[in-house]
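Asks: following is a predicted model, sequence given first.
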Amino acid sequence: MTRRRHRTASAAAAFLSLAALGPALTGCDAAKETAGDIVSSATAAVASAAQQQMNEVKDGVNATADVKAGPTSVDGDRTVAEITATNPKDKTADYTVMVNFRDTEGNLVDAVVLSIDGVEPGKSRTGTARSNRTLSGDTKAEVAQAVRH
């Protein structure tokens with residue numbers, strides 16, 4: 001079993017165990033805390049995977065200032081945001097962008113990586129960042145990291 005599948009399976013098993021033991025717990029607060037810990041661990045794993053994807057980009061330069069995140073909206077069961085890369089250089093470039101989704105309290109709830117390819121000099125191009133899962137409540141997208149290559 002791959003490490004990613006193992007983590008997902010472990011989180012699912014923990015969640016199912018929690019659901020089965022819920023009535024035996026001494027209070028709702030304990031169940032909420034345990035469920036919150038599971039979600040937090042899963043979110044940290046997704047953010048780590050996104051960072052690993054960013055680290056795989058070779059021969060790139062920091063281009064976070066070239067990239068902007070638009071407002072979030074819902075598309076089906078996912079949260080999406082339009083991401084715009086503007087190329088200030090004199091040759092066509094590709095962008096790899098890590099986008100964080102945060103709740104109204106600023107907590108990280110998801111992270112994704114997208115590519116915006118073929119941005120011509122002095123021009124802008126957009127891509128859509130789509131959450132990995134259904135996010136509840138209001139969320140904001142932010143450009144965590146961007147690389148021009």
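Replies: Structure received. In this text the structure is predicted, and so the values were computed from the model without any measurement. Numbering: from 1, shown residues only.
Asks: check contacts around Gly60.
Replies: Taking Cβ atoms under 8 Å, 6 or more residues apart in numbering, we find Gly60 in contact with 96, 147-149. For glycine as for every other residue, the C-beta is placed from the backbone atoms N, C-alpha and C.
Asks: what of Val97?
Replies: Taking Cβ under 8 Å, 6+ apart as the test, what Val97 contacts is 67, 83, 85, 113-116, 127, 129, 143, 145-147.
Asks: any idea what it is bridged to?
Replies: Leu114, Ala146 (DSSP bridges).
Asks: swap in Val74?
Replies: Per DSSP bridges, the residues bridged to Val74 are Thr79.
Asks: roughly how far apart are it and Phe101?
Replies: 12 Å (Cβ to Cβ, to the nearest Å).
Asks: same question for Asn62.
Replies: According to Cβ to Cβ, Asn62 stands 21 Å off from Phe101.
Asks: which one's more surrounded, those two?
Replies: Phe101 (27 against 10; other Cβ atoms under 10 Å).
Asks: and the closest residue to the more buried one other than its chain neighbours, what pLDDT?
Replies: Distance criterion Cβ to Cβ, 6 or more residues apart in numbering; nearest residue to Phe101, sequence neighbours excluded, is Asp110 at 4.3 Å. Reported pLDDT at Asp110 in the predicted model: 96.
Asks: so which residue is dead centre in this protein?
Replies: Ala111 (1.0 Å; Cα atoms, centre = their mean).
Asks: touching, it and Gln53? I think so.
Replies: No - counting by Cβ atoms under 8 Å, Ala111 stays clear of Gln53, with 9.7 Å between them.
Asks: got the contacts of Gly60 as TSV, with pLDDT, distance to Lys123 and neighbour count columns?
Replies: TSV is the format used below for these (pLDDT from 0 to 100; distance: Cβ to Cβ, whole Å; neighbours: other Cβ atoms under 10 Å):
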residue	pLDDT	distance to Lys123	neighbour count
Thr96	97	18	22
Val147	97	18	22
Arg148	98	13	22
His149	96	17	14
